[in-house]
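In: what's the 3D shape of this:
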Amino acid sequence: FYMPHQLDFRTRLYPIPVYLNHHGDDLSRSLLMFDKEVEPGARGMFWHRVQAASFWGLDKESLTKRNEWYATHRLLIERSAEDPCEHTWWMDADEPWQFLASCLALTYPEYAARVPIQSDGTCNGKQHLAALGRDQDGAKSVNMMPSEAHDPREDNYADVSDCLHKVIAEDASSKPQAKLASKYLGSRKDRRTVCKQPSMTWVYGVTPVGARNQVKGVLKDLGVPNESLFKVSDYVSKAVLQANADSCPAGKAIFDWLEESSRRMMKAAPYEPVSWTTPLGFPVIQPYRNMTS
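Out: Alright, predicted model coming up:
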């Protein structure tokens with residue numbers, strides 16, 4: 001069967017079937033296999049091993065470490081594939097159903113030939129900015145530059161969280177909200193969590209209010225009291241947006257150029273939406289309007 005898709009006004013593709021698609025949950029993804037078999041070969045089996053380790057929860061480790069993880073867990077993987085009801089070790093994985101599909105692929109050749117190998121980008125918006133500007137530093141931070149397989153995987157959100165840590169430390173002596181933020185954002189893991197969503201949406205033009213709302217939920221879960229939540233969220237969100245600009249200066253320059261270009265286009269033709277045609281021939285129209293009465 002086929003998976004029909006629709007495009008939104010930006011040419012983003014979305015699957016039309018709601019309950020079973022490759023953008024779905026762990027169970028949905030685990031059920032999908034290619035109709036036509038493709039012999040994976042040695043290189044393909046390497047990626048099956050990497051994928052199994054990723055589904056287990058090691059997606060931040062290097063490719064080499066993930067490949068080695070398979071070797072030390074091979075017997076458990078094969079037992080899970082042979083009798084998943086009896087050997088339930090696979091249920092402890094971060095993505096258990098997709099991990100079980102990987103176990104089948106690593107045990108039976110007919111599955112290896114049909115189970116999809118998934119690939120995910122690192123902060124896609126920043127990848128596009130790095131490519132547009134031929135920015136090697138930015139490209140390295142989002143895993144776009146060639147590197148040895150044993151090198152640790154770059155973590156852009158952790159880089160931003162380190163910038164945030166410096167800003168908070170500098171402000172803690174003079175700003176009470178920074179001092180309070182440092183109390184609840186003491187660990188790198190918590191700082192990374194608070195940085196992740198604003199960092200993903202920074203490149204898409206998230207507003208300060210939008211970023212504040214993204215940060216507020218995380219800070220509330222970390223225990224920031226309600227009476228201080230607004231001020232701390234406002235401070236942290238602005239600091240995260242600034243940290244993104246500081247950690248990606250070439251991308252920020254391109255971002256500013258695009259914004260300025262849009263402003264000039266709107267000034268030249270104030271009643272026409274900003275629009276362009278992609279190399280594929282798809283017309284992109286930005287139908288954003290300010291409503292007045």
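
In: alpha carbons only for contacts and neighbour counts from here, please
Out: Will do.

In: Surely S182 touches V167?
Out: No. Distance between S182 and V167: 10.1 Å, which falls outside the contact criterion (C-alpha atoms under 8 Å).

In: and the helix ranked longest in the chain, which residues are buried?
Out: Counting residues, the longest helix found in the chain (DSSP state H) is helix 226-247. Neighbour counts over helix 226-247 (16 or more other C-alpha atoms under 10 Å) mark 229-245, 247 as buried.

In: try stretch 183-203
Out: Here stretch 183-203 shows 185, 191-203 as buried, counting by 16+ other C-alpha under 10 Å.

In: Please apply the same query to stretch 200-215.
Out: Per 16+ other C-alpha under 10 Å, stretch 200-215 contains these buried residues: M200, T201, W202, V203, V206, A211, R212, N213, Q214, V215.

In: starting at the chain centroid, how far to it?
Out: 15 Å (C-alpha atoms, centre = their mean, to the nearest Å).

In: Tabulate the buried residues of stretch 183-203 (CSV), appending secondary structure and pLDDT.
Out: As requested, the buried residues of stretch 183-203 are exported to CSV (DSSP: H, G, I helix; E, B strand; the rest coil; pLDDT from 0 to 100):
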residue, secondary structure, pLDDT
L185, coil, 85
R191, helix, 89
R192, helix, 89
T193, helix, 90
V194, helix, 91
C195, helix, 91
K196, helix, 90
Q197, helix, 91
P198, helix, 92
S199, helix, 90
M200, helix, 88
T201, helix, 90
W202, helix, 89
V203, coil, 85
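
In: Would you format these as JSON lines with distance to A253 included?
Out: Below are the buried residues of stretch 183-203 laid out as JSON lines (distance: C-alpha to C-alpha, whole Å):
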{"residue": "L185", "distance to A253": "29"}
{"residue": "R191", "distance to A253": "25"}
{"residue": "R192", "distance to A253": "24"}
{"residue": "T193", "distance to A253": "26"}
{"residue": "V194", "distance to A253": "24"}
{"residue": "C195", "distance to A253": "21"}
{"residue": "K196", "distance to A253": "21"}
{"residue": "Q197", "distance to A253": "21"}
{"residue": "P198", "distance to A253": "18"}
{"residue": "S199", "distance to A253": "16"}
{"residue": "M200", "distance to A253": "17"}
{"residue": "T201", "distance to A253": "17"}
{"residue": "W202", "distance to A253": "13"}
{"residue": "V203", "distance to A253": "12"}
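
In: Could you dump the buried residues of stretch 200-215 into a markdown table with distance to G223 added?
Out: Shown next, in a markdown table, are those (distance: C-alpha to C-alpha, whole Å):
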| residue | distance to G223 |
| --- | --- |
| M200 | 24 |
| T201 | 24 |
| W202 | 25 |
| V203 | 29 |
| V206 | 25 |
| A211 | 19 |
| R212 | 16 |
| N213 | 16 |
| Q214 | 15 |
| V215 | 13 |
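
In: Nearest to R43 among these?
Out: M200 (31.5 Å; C-alpha to C-alpha).

In: so where's the stretch 151-293 of the chain shaky on pLDDT?
Out: 151-152 (pLDDT under 70).

In: mind listing the helices for it?
Out: 156-171, 176-184, 188-202, 208-221, 226-247, 249-268 (DSSP state H, counting those that start in this stretch).

In: Can you tell me what sits against the shortest one?
Out: Taking contacts as C-alpha atoms under 8 Å, 6 or more residues apart in numbering, the residues outside helix 176-184 that touch it are 168-169, 171-173, 219, 222-224, 228, 231-232, 235-236.

In: The buried residues of stretch 183-203: which two are farthest apart?
Out: L185 and V203 (23.7 Å).

In: Now T88. Nearest residue, chain neighbours left out?
Out: The shortest distance from T88 to any non-neighbouring residue, by C-alpha to C-alpha, 6 or more residues apart in numbering, is to S80 (6.6 Å).

In: Quick check: the one you found touching F99?
Out: No. Between S80 and F99 there is no contact under C-alpha under 8 Å: 9.9 Å.

In: OK, contacts around D159?
Out: S247 are the contacts of D159 under C-alpha under 8 Å, 6+ apart.
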